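Novice: Sequence plus predicted model, see below.
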Amino acid sequence: MEKTINKKYIIRGILVLLLFWFSSLIQYIPIYLFHLDVKTLTIKQAVLLSVFASVVITFILFFVYRKELKEEFKIYRKNLGENFDIGLKYWLVGFLIMMVSNAILVFVFKSGGANNQKVVQKMVDTLPLLMLIDAGFIAPFNEEIIFRKTIKDVIKNKWLFVACSFLLFGGAHVFSMAETLTDYLYIIPYGALGGAFALSYWETDTVFTSMTMHMIHNTALLLIMILL
């Protein structure tokens, strides 16, 4: 256990995960300040509130991890080409698993698609450029700190780290919106990508490897959604 778990960072890790799970509460700051009625919020207002919460979390995470991020960025920059190649390799594997599992869920299980994806599509349709910034850059930064760095700091076993990243990352994109048993199976495609990002982080020892691939992945998908 001593070799697997780093007790020094357990409390910090729990607090960071709780920050993510209860991030919607941050939206009540502008709701209170501008006297908004949560029952009559428009989609545009909902997007703005979501982005506000994401930005607040970014500032908090950057403040907490600023020294470590500075050191990991040095590692990333020093071996930029190699780190990118490793990140690309694992992303391709994760993306392939994601696409195959998505196809099985749609064509075999007759799923109508991931609920999270449907929500994102509505948000993109409402404020495309803002969503491109939020989902393309802000969200990947936050999620890589929360689901990769925070977990890796605590768990020192490679495959346990990957498994936890897989489950927590996949669950974060599925559980709050799942309505049927099939909906819960979408933890597989989302988790596959999370596991791939975890492997790239482990192999390069810098979160900026997985963060870069996450940003490229999300930005490409957002551009496709906007253009189509």
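Specialist: Yes, it's here. Remember, it's a predicted structure, so these values are computed and weren't measured experimentally.

Novice: how about low-confidence regions in the chain?
Specialist: Regions of the chain meeting the criterion pLDDT under 70 cover residues 1-2.

Novice: Please look at residue 19 and residue 59 and confirm they touch.
Specialist: No: shown here, residue 19 and residue 59 do not form a contact pair, counting by CB atoms under 8 Å, at 11.6 Å. In this view, the C-beta of every residue, glycine as well, is placed from N, C-alpha and C.

Novice: and the most centrally placed residue in the chain, how far is that from residue 157?
Specialist: Centroid check for the chain by CA atoms, centre = their mean gives residue 143 as the closest residue, at 3.5 Å. Residue 143 sits 22 Å away from residue 157, taking CB to CB, to the nearest Å as the criterion.

Novice: do residue 36 as well
Specialist: Counting by CB to CB, the gap from residue 36 to residue 157 is 46 Å.

Novice: Have a look at the two and say which one is more surrounded.
Specialist: residue 36 (16 against 12; other CB atoms under 10 Å).

Novice: got a list of what that one touches?
Specialist: Under the criterion of CB atoms under 8 Å, 6 or more residues apart in numbering, the contact partners of residue 36 comprise 30, 45.

Novice: try 7 Å this time
Specialist: Residue 36 makes contact with residue 45, according to CB atoms under 7 Å, 6 or more residues apart in numbering.

Novice: Please, which helix or strand holds it?
Specialist: Secondary structure assigned from DSSP states H and E places residue 36 in neither a helix nor a strand.

Novice: so how far is residue 27 from it?
Specialist: 9 Å.

Novice: got it, and residue 152?
Specialist: 29 Å.

Novice: Same check on residue 114?
Specialist: Computed as CB to CB, the residue 114 to residue 27 distance reads 22 Å.

Novice: Okay, buried residues for the lengthiest helix in the chain please.
Specialist: Under DSSP state H, the helix in the chain containing the largest number of residues is helix 43-78. Within helix 43-78, the residues that count as buried by 16 or more other CB atoms under 10 Å are 45-54, 57-58, 60-61, 64-65, 69, 72, 75-76.

Novice: Tell me where this structure has helices.
Specialist: Going by DSSP H, the chain shows helices at 10-21, 28-33, 43-78, 80-107, 115-126, 128-133, 139-144, 150-154, 158-172, 181-184, 187-204, 207-227.

Novice: Tell me which of those helices lies nearest to residue 3.
Specialist: Within the helices of the chain, the stretch nearest residue 3 is helix 158-172; the backing value is 11.0 Å (CB to CB).
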